[in-house]
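Engineer: Need coordinates for the following:
(chains A, B and C, ligands or ions: 3)
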Amino acid sequence: MANEVCFRTLSLEDPTSLSTYESIGGYSTWKSIIKGELTAINIVEELKKSCLRGRGGAGFPTGLKWSFLNKDIPGQKYVVCNSDEGEPGTCKDRDIMRYNPHQVIEGLAIAGFAMGADTGYNYLRGEYIEPFSVMEHALGEAYSAGLLGKGVMGSSITFNLYNHLGAGSYICGEETALLNSLEGGRGLPRFKPPFPANFGLYGKPTTVNNTESFASVPVILEKGAKWFLELGTDNSGGTKIFSVSGHVMKPGNFEVGLGIPFADLLSMAGGLATDRTLKAVIPGGSSMKILAGEIMMQVNMDYDSLRNAGSSLGSGAVIIMDDTTCMVSVLLRLAEFYHDESCGQCSPCREGTGWLVKILNRIIKGQGKKGDLDTLVNIANNIEGRTICAFGEAVAWPIQSFIDNFHDEFAFFVKEGHSMIIN
Amino acid sequence: MVKIVIDGHELQASAGDMIIEVADAADIYIPRFCYHKKLSIAANCRMCLVDVANNGKSLPACATPVVEGMQISTKSAKALYSQRSVMEFLLINHPLDCPICDQGGECELQDLSMGYGWDSSKFTEEKRVVADYNIGPFITTNMTRCIHCTRCIRFGKEIAGVQDLGLINRGDDVEVRTYVDETVKSNLSGNLIDICPVGALNSKPYAFQARSWELKSTASIAPHDCLGANIFLHTREQKIFRVVSKDNQQVNDIWLSDRDRFSYLGIQHSERLPKPYFKESNGWIEKNWHDALTLTSAKLKINIDKYTPKQVAGIISPNSTFEELYLFNKLIRALGTNNIDHRIREQDFSDQEFQPLSPTSMMSADDLQTSDGILIVGSNIGVEQPLLTIDIKSAIGNGAKIYVINPIDHKFNFDIAEKIIVNSALLPQLLAVMGQYDGLPGELANSIVNEARSIFASLANCKKVSIVTGAHLYQHKHASTMRVLLIELQKQLSAKLMYLTQGANSTGAWLAGCIPHRTTAGEIVSSNGLSALDSFKENLQTYILFGIEPELDCLYPGNAMNALKQASLVIVCSPYITEQMLGYADIVLPIATFAETDGTYINLFGSKQKTSPAILPIYDCKPGWEVLRDLGNSLDIAGMEYQSNQEVYQEVTDVLQQTKYSNRSNLNKTTKSLKFVSQSADLNLLLEWPENSVDCITRRSYALQQANTFSKPLAYINPEDADRLSLIDGEQIILVQQVCEFPLTLSVEQYVPKNCLYIPLGIEATSNLTEGKIEIKKC
Amino acid sequence: MIKKQKKYVLPENLQNKIDENLKKYPSDHRQSAILYALRLTQNDNGGWIREQHMRAVADYLKIDYIAVYEVATFYSMLKLKPVGKSLVSVCDNISCKLKGADNLLSFIEEYLQIKTGETTSDGLITLERAECLGACVNAPSMIVNDEYQENLTKDKVQQILDNLSNGDNH
Ligand SMILES: Cc1cc2nc3c(=O)[nH]c(=O)nc-3n(C[C@H](O)[C@H](O)[C@H](O)COP(=O)(O)O)c2cc1C
Ligand code: SF4
Ligand code: FES
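Structural biologist: Numbers count the residues shown, from 1 in each chain, chains lettered A, B, ... in the order given. Ligands and ions are numbered 1, 2, ... in the order given. Reported below is the predicted structural model:
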């Protein structure tokens, strides 16, 4: 079974419309909340049982996160949807918004109710102009239908939601950088503590979740935590959208139960070209560690299995590389990405990313030196764990894992001045 | 309170304090760049990483709050490794130019790299180079050296209240910059030099002048305003190289205004007078001190004999030392006159009998910081007292609201809750309305009356109110009325009142007796002498001036100039000689500046602050107290045989202690004679000194002059007045007064109230301005 | 002597749009509309922001000029240098690279006779390299004047470029 949660409107006619969404049960949870049939505690408990884990990359249990913001504590609070989606390889939130916008809206409304926030923002990356207009249209429909606004349907519940477009910056996906950006500043991550649950948007308690996390919520509450949990595995409840890209015949977004064997996912994506073999896979977006093909073929796609294999599920972006791939040039491109996107505030990240690029560039130009590989790993090690935000790890892990897994290939390039891969 | 352990030391700390604060208090040093105790936390340099038990990662000591039982190691192998690796990152793009960097020897990066660096870096790539740019006369930029700690940016937001600098770009392209190519605007900008831990922002006048370790440091006081910031003068071989802040929590904390930091550039100026200078029939000639003193006293005696002592007036700068003021008083009184004054920027003295012994504020800087309501009346406080705005900002940080009543819409570097701007003629009425005083001409618009009442109501709801008043009160035609009303207001609001007195030592001048109606310690004189302004208006025969340049320092300088030019004897004690002075003076005796002598200044809070000489007086200049003493001796005035300035100080202190003065304020008496003028159709003059031209020294600092605001020959009026008079912005106009005409350029500005002509004093263009009616003529 | 320069102020239609946008945020947080205001101004002024535009936005939102400058230089979609009539942003990040983005980029450079980062001499097209656009499963991809172009081939790209060179922006 596929496409049962966030993509459940995908195969329907006019998937983005309010009527389509309502025809498959959409907004029923929201309506029962409005009728007073569901309490905040019910919602959070149900989420905890469902084992929904944050889909933005860190995999933090959503129910637990929501329990940090107590509905009954007075004062302004906010829910914020992270649709910044900048992690290379990841392109699922775009499709959720393009094909099932109402479910994101409902998820945010429910979250607002559960945590006592009457205002929500959906922060979309600056390039997502099309998803933005789909979301805006859906928002218009929801307001017209009286599903949002002040005192929804005569109840005492108020929820206002706004879409906010960024302007081109990967780091704005980091939740506190996102809040700064939403406030109209530079996208600089904030040091923690204080956490957003205490000091978030405009200094008010705030919860940030990924688009896919929010979009999963209405279905979980409609069909029950148990139903959802059983779509996946014990510690990885539900489905996940995997964006499978790279050297596969039919790349695409696949919403499948967590725990699916990688091999199955690979064949869903059409497998490799006939004369190729699987060299390596980054299983969770470019910031996660790369794993060798042979290992991947034995792994199931869930949080625990991937962690045991030495990587992470991350954002669910599965990047497939066959035997024609030059690891050195791929790593250089990733290093360039992190160099371009570092916000620049922490010394290790600001200076380290540039240093990595300089060395890798030299290697690519055939001017590699003895000791370069050790230096690269050393720089990565010295960035890791010493920065304000997890961008430091996001830089370090690819460097460490590429060189670790493909040391010979890197050493060859340094020594010979050209790639070992001949295309 | 929680118990924690740092490097084996058990320490008590308040929960929520950051590790670095606790460590600092216990003298355990943790390396840092971005952390600064006066600024918010950024935690971006990552230099302060320490090892906290049960934490995988090293944690930043500046941003990690302590919790009960925390075990911290700042020097474990793991902590040191973290610190070293951060240091390596900071150094890879940092130039190796310590030998030519002015920060050398006092560079936090240089110091720390000794302790925390690796011997050699693995970095062999090309280093980043960042373009420099001009941000004004005070600060050099060497942005390749910047380590992006953002202290300077936070300083701007949090202390200066003007965000001059910001970060642009991202990643390793980030640069600290002003907006596009602007210069920095804050008059506290020099603090950036101290705040920057490396050599990215350095002193421009000091650039390449000296190495920090060769300099001798002398504690002193900046005598340019009534706060008297504590400074160190850094010297080598009788030359002042720079001024830095001396920490004093009660006064300037760790900060300095630019005026105080860069005034030293005026001290060793080409206009310094090398020797006593005399006008003789065949021109000006130099004399040695012996001859000079004999001749001066002889001429003085002749003149007094000829014209009576009543024809003598002594006018002294309020920036003089307490000792100078005391000796000046002694000397002038001994000549048989009570015409003595230091109030060169005032015109209404009608309440002088009722004023207290000295105009010391009844509060401290701390009171200002802890007020929840502050009313500013008639002051451009950001220019008069830049450093006090830091206290106001911290009050705002604690929730205080600021209200302003001013004759012009001055821009402030802090947020104002409400303000009322009226023509200065209406200020007394406005204060009366606030204090619910009856019997007014009732010229204020209803809306203004309502606003005033609403501000009063807001203040009445505050727990602790401070009222601050300054130059626009002192200079006001009806200052005495305003003073009475302010006291009334202060009583009604149970507020404390702060007077931003004019000059650095106004309190000292009152106590020493440099006022025409009382001598030392408030002792009443038999018959009042003339005030400074009146003595000029009376065209006397003999003037003795000390430390002032009347054409630039006095309110209505034209009156002063007329008087001096007609007088038969003008004796000037001044560090400088000017073209103007040669025109009106007969004798000029060269005196030392504050950096070349010792002395005492009493600031607005009543603190006595002492200076010591950092260099010897240049050329044949003498400390002012010596000149006055020697003159006294050669005039055979008794009791002038002092061996040291300290003796003078001792004597005046003794006099103060012996005199059982009562508080002479008896203000109720004056309430009957409150004066409210009607706003006439004529343009009402509003005068102000440019912030960097407040005295003879600041005027001669080239760097201060380059940054001087409000010092152009401009006359500002409101657009409506401009329309009425058919004048346009930028037009050349001529201001006409009785006999005098002076050309200025018109600037039409919305922030000037109606019927107001706002012009700078202290500049050549307005040095002929006299009291009285003024008209605008088209060119 | 001192003449005040005529100031650029945001045209009324932009002001109205910004006012509309401001409704999304608490009234004391006008700065939240900054990205919207800058993008709007950029689109209204040939695709890039001049100094006077930053000033105008700052004045309108009542924030410091430097705050606008800080923001305008942080986000890659805000351009402070001139761009051509059309902006072509080609992704060559990992997924697109694996699908031949490098060749595509060289092809475009050759076809337009410019390097990445440059503008054609007729001022019609600026070519830039983009970071991952979030269209990885349809790689290689690019954005042309705000519109995604996916599953690119040389032919498809050539067609698009030809249209742009003929002055057709879409
Ligand atoms: C460098 C960096 C980039 C990130 N980018 C994204 C992103 O684009 N989208 C996202 O949802 N989360 C992103 N995150 C994770 C967020 O910080 C945050 O953990 C997440 O939005 C929480 O939502 P979730 O619990 O639903 O996953 C990023 C984190 C880092 C450190
Ligand atoms: S780790 Fe990098 S991206 Fe994250 S806050 Fe620090 S400098 Fe910015
Ligand atoms: S001093 Fe703590 S991170 Fe800079």
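
Engineer: Tell me the strands beside the longest strand seen in chain A, with direction?
Structural biologist: Secondary structure of chain A read by DSSP state E shows that its longest strand is strand A:239-246. Counting by DSSP bridges, the strands paired with strand A:239-246 are strand A:252-257 (antiparallel), strand A:317-322 (parallel).

Engineer: right, so these: which one is the most enclosed?
Structural biologist: Most buried of the strands paired with strand A:239-246 by mean neighbour count (mean count of other C-beta atoms under 10 Å in any protein chain shown) is strand A:317-322; its value is a mean of 27. C-beta: built from backbone N, CA, C; applies to glycine.

Engineer: Now do that strand, average pLDDT.
Structural biologist: Confidence over strand A:317-322 (mean pLDDT, whole number) is 98.

Engineer: how about that strand, does it reach ligand 1?
Structural biologist: No: using C-beta under 6 Å from any ligand atom, strand A:317-322 never reaches ligand 1; the gap is at least 10.5 Å.

Engineer: Quick check: the residue of chain C nearest ligand 1.
Structural biologist: Nearest residue of chain C to ligand 1: C:Gly134, at 8.8 Å (C-beta to the nearest ligand atom).

Engineer: part of a helix, is that residue?
Structural biologist: No: C:Gly134 is assigned coil when assessed by DSSP: H, G, I helix; E, B strand; the rest coil, not a helix.

Engineer: rewinding a little: B:Ile254 is nearest to which of the strands paired with strand A:239-246?
Structural biologist: strand A:317-322 (50.6 Å; C-beta to C-beta).

Engineer: follow-up on the earlier one: now the residue of chain C closest to ligand 1: how far from A:Arg125?
Structural biologist: Computed with C-beta to C-beta, to the nearest Å, the distance linking C:Gly134 and A:Arg125 is 7 Å.

Engineer: Spit out the residues that contact the two alike.
Structural biologist: With contacts taken as C-beta atoms under 8 Å, 6 or more residues apart in numbering or on different chains, C:Gly134 and A:Arg125 have A:Glu85, A:Gly86 as neighbours in common.

Engineer: From C:Val71, how far off is the spatially most central residue of chain C?
Structural biologist: Nearest to the mean C-alpha position of chain C, by C-alpha atoms, centre = their mean, lies C:Met77 at 4.6 Å. As judged by C-beta to C-beta, C:Met77 and C:Val71 stand 12 Å apart.

Engineer: Can you pull out the low-pLDDT segments for chain A?
Structural biologist: Scanning chain A for pLDDT under 70 picks out A:1.

Engineer: Try it again at 50.
Structural biologist: Applying pLDDT under 50 to chain A flags no residue at all.

Engineer: Contact residues of it facing ligand 1?
Structural biologist: Within chain A, the positions lying close to ligand 1 (C-beta under 6 Å from any ligand atom) are A:54-58, A:60, A:82, A:84-87, A:171, A:173-175, A:208-210, A:213, A:389-391, A:394.

Engineer: thinking again about what came up before, which one of C:Gly134 and A:Arg125 is surrounded by more residues?
Structural biologist: Per other C-beta atoms under 10 Å in any protein chain shown, whichever of C:Gly134 and A:Arg125 has more neighbours is C:Gly134, with 30 against 27.

Engineer: what's the more buried one in contact with, if anything?
Structural biologist: Contacts for C:Gly134 (C-beta under 8 Å, 6+ apart) come out as A:Glu85, A:Gly86, A:Thr90, A:Cys91, A:Asp93, A:Arg94, A:Arg125, A:Glu127, A:Tyr128.

Engineer: what does B:Gln492 give?
Structural biologist: B:Gly435, B:Gln436, B:Ala460.

Engineer: Skipping adjacent residues, who's closest to B:Pro318 in space?
Structural biologist: Nearest non-adjacent residue to B:Pro318, counting by C-beta to C-beta, 6 or more residues apart in numbering or on different chains: B:Gly503, 2.6 Å away.

Engineer: so that neighbour sits in a strand?
Structural biologist: No: judged by three-state DSSP, B:Gly503 forms no part of a strand; its state is coil.

Engineer: you'd agree it is up against B:Ser317?
Structural biologist: Yes: with contacts counted by C-beta atoms under 8 Å, B:Gly503 reaches B:Ser317, the gap being 6.7 Å.

Engineer: ok so, going back, you'd agree the residue nearest to the centre of chain C is in a strand?
Structural biologist: No: in this structure, C:Met77 is coil, not part of a strand, as judged by three-state DSSP.

Engineer: Read off the pLDDT value for it.
Structural biologist: 98.

Engineer: and it, what does it touch?
Structural biologist: Neighbour list for C:Met77: A:Gly126, A:Glu127, A:Ala167, A:Gly168, C:Arg39 [criterion: C-beta under 8 Å, 6+ apart].

Engineer: Kindly recompute the last result at 6 Å.
Structural biologist: By C-beta atoms under 6 Å, 6 or more residues apart in numbering or on different chains, C:Met77 lies in contact with A:Gly126, A:Ala167, A:Gly168.

Engineer: Kindly provide the distance from it to C:Glu131.
Structural biologist: For C:Met77, the distance to C:Glu131 (C-beta to C-beta) stands at 11 Å.

Engineer: cool, and B:Lys401?
Structural biologist: Per C-beta to C-beta, B:Lys401 is found 47 Å from C:Glu131.

Engineer: repeat for C:Asn16
Structural biologist: 33 Å.

Engineer: Now go through the contacts of C:Gly134 and say which are in helices.
Structural biologist: Using DSSP state H, the members of those that fall in helices are A:Asp93, A:Arg94.

Engineer: Just among the contacts of C:Gly134, which is most surrounded?
Structural biologist: Result: A:Thr90 is most packed of these (other C-beta under 10 Å), 34 neighbours.

Engineer: Quick check: phi and psi at it.
Structural biologist: For A:Thr90, the backbone dihedrals are phi -100, psi 130 (criterion: degrees, to the nearest 10).

Engineer: Now do the same contact list for it.
Structural biologist: Applying C-beta under 6 Å, 6+ apart to A:Thr90 gives the contacts A:Ser243, A:Gly285, A:Ser315, A:Ala317.

Engineer: wait, which of those residues is closest to A:Leu258?
Structural biologist: Nearest to A:Leu258 among the contacts of A:Thr90, counting by C-beta to C-beta, is A:Ser315 at 13.5 Å.

Engineer: still on that earlier bit, in helices only, show me the contacts of B:Gln492.
Structural biologist: Here DSSP H is the test, and the contacts of B:Gln492 give B:Ala460 as lying in helices.

Engineer: Looking at the contacts of B:Gln492, which is nearest chain C?
Structural biologist: The shortest approach to chain C among these belongs to B:Ala460, at 26.0 Å (C-beta to the nearest C-beta).

Engineer: quick one: the closest one from chain A, how far?
Structural biologist: Distance, B:Ala460 to chain A, using C-beta to the nearest C-beta, to the nearest Å: 29 Å.

Engineer: can you count the residues close to the nearest residue to that residue once chain neighbours are set aside?
Structural biologist: Closest residue in space to B:Ala460, ignoring its immediate chain neighbours: B:Leu493 at 6.2 Å, by C-beta to C-beta, 6+ apart. Using other C-beta under 10 Å, B:Leu493 has 21 other residues around it.

Engineer: What residues does the residue in the stretch 151-300 of chain A positioned nearest to chain B make contact with?
Structural biologist: Of all residues in the stretch 151-300 of chain A, the one sitting closest to chain B is A:Phe191 (4.3 Å; C-beta to the nearest C-beta). Residues in contact with A:Phe191 (C-beta under 6 Å, 6+ apart) are A:Ile388, B:Ala43, B:Ala63.

Engineer: same check, this time on B:Thr183
Structural biologist: By C-beta under 6 Å, 6+ apart, the residues touching B:Thr183 are B:Ile135, B:Gly136.
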